[in-house]
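K.L.:
Structure of the sequence below:
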Amino acid sequence: MATLEIRDLHVSVDVENGTKEILKGVDLTVKQGETHAIMGPNGSGKSTLAYSIAGHPKYTITSGTVTLDGEDVLEMSVDERARAGMFLAMQYPVEVPGVSVSNFLRTSATALRGEAPKLRTWVKEVKSAMEQLQMDPTFAERNVNEGFSGGEKKRHEILQMELMKPKIAILDETDSGLDVDALRQVSDGVNRVRGTGEVGTLLITHYTRILRYIKPDFVHVFSAGRIVESGGPELADQLEAEGYEKYTKGGAAA
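P.N.:
Numbers count the residues shown, from 1 in each chain. Alright, predicted model coming up:
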């Protein structure tokens, strides 16, 4: 069973007058088959956690450890982290002009699997996943995220997740900018992957609406760069009713 372990993680970023610490000692364990929701107000450090785990060069790990199945994630390059089984669905997916979705997906699968998937099997695999996400087949020939609506970008992220079959999936505010129909379609895709029991999911959000569709096993409240409370799904209901005020009175991370 794959396990992502984060221990006493501290992360800083460069600012105009030096550096600023954003993560201030994060401890978290995510096992394959589990779904953890990270909730907290804007600016609490949730996305910093996601991008630091994924290897974004903007963030400097000053102390702490991140391991996947006992292997040091922080010593891995970004592509090595992906091959090890980590996946990040970004809050703001970038455009890749000149690269079609179909070529992007097959190239990614080849890199992860070590060999190109057989074309006939691959075409069926992609077509099936796209149908389940209610994506038009012509979508595959468009350039990656170029001119995509918010819902199309997020469905493309989940399409990648379904096809790449990661051990640990980090979903950074996947619900951001989605209407009700798109939210349901994206959530259905996440739940299909979760249903295999082969992926551990770290779902980052500050709204509870996505948790009506994707039921977490654990909920963690993030404030001022650290986890300040953990519980079961009932904690999300408490946050819906009471908000984050009691956690933010002492200030929050940028």
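K.L.:
need the contact list for the closest residue to residue 88 other than its chain neighbours.
P.N.:
Spatial nearest neighbour of residue 88, excluding adjacent residues (CB to CB, 6 or more residues apart in numbering): residue 54 at 4.3 Å. Backbone N, C-alpha and C define where each C-beta goes, glycine included. Applying CB atoms under 8 Å, 6 or more residues apart in numbering, we find residue 54 in contact with 78, 81, 86, 88, 170.
K.L.:
And those residues, which of them are buried?
P.N.:
Taking 16 or more other CB atoms under 10 Å as the criterion, what is buried in the contacts of residue 54 is 81, 86, 88, 170.
K.L.:
what helix or strand does the first one sit in?
P.N.:
Per DSSP states H and E: residue 81 is located in helix 78-84.
K.L.:
for that helix, packing partners?
P.N.:
Judged by 3 or more CB pairs under 8 Å, 6 or more residues apart in numbering; DSSP states H and E, the packing partners of helix 78-84 are helix 101-113.
K.L.:
Check the burial of residue 100 by counting its neighbours.
P.N.:
When counting by other CB atoms under 10 Å, one arrives at 16 neighbours for residue 100.
K.L.:
Count the residues that sit near residue 244.
P.N.:
By other CB under 10 Å, 19 other residues sit near residue 244.
K.L.:
confidence score at it?
P.N.:
Listed pLDDT for residue 244 reads 91.
K.L.:
now swap in the one 4 residues further on and tell me
P.N.:
Here the pLDDT value assigned to residue 248 is 81.
K.L.:
Number the chain from 49, please
P.N.:
In the new numbering, first residue 49, that becomes residue 296.
K.L.:
And for it, the neighbour number?
P.N.:
Using other CB under 10 Å, the number of residues around residue 296 comes to 16.
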